[in-house]
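1. Need coordinates for the following:
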Amino acid sequence: MPDITIASSNGGSFLAYVATPGDKPRAAIVVIQEIFGVNAGIRRKCDGLARQGYLAVAPDLFWQLEPGVQLDPDVEAEFQHALGLMGRFDQDAGVRDIEATIRHLRS
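-> Numbers count the residues shown, from 1 in each chain. All right, here's what the predicted structure looks like:
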């Protein structure tokens, strides 16, 4: 189950990448994206945590700006695009989305 949909506190919804362990999870970990979105590096981090026995979930915190954005930090234009997204990012909304992710995992 690579992606789940989570209800936002503002009435919208966003996707989150999920990596599940082979057995019952030891715990759940919310993996916070860098400024590059839930890209290959964040997904690899989640997959590694799942191999260690954790349920790892990375919510798309940029969903209100550019849903599903996945940028490569080694490509200059994408790096600059990421900086622009971060400059427009509402950190309070991001915290609310992390809280929504935790609520979703607990339910």
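
2. What's the mean pLDDT across whichever strand or helix holds residue 95?
-> Assigned by DSSP states H and E, residue 95 falls within helix 91-106. Across helix 91-106, the average pLDDT comes to 96.

3. And that helix, what does it pack against?
-> Secondary-structure packing of helix 91-106 (3 or more Cβ pairs under 8 Å, 6 or more residues apart in numbering; DSSP states H and E): strand 3-7, strand 13-19, strand 28-30, strand 55-59. The way it works is simple: take the backbone N, C-alpha and C, and place the C-beta from them, glycine included.

4. What residues does residue 26 make contact with?
-> By Cβ atoms under 8 Å, 6 or more residues apart in numbering, the residues touching residue 26 are 52-54.

5. Can you give the distance of stretch 57-65 from its chain's centre?
-> Centroid separation for stretch 57-65 versus its chain: 5 Å, with Cα atoms, centre = their mean, to the nearest Å.
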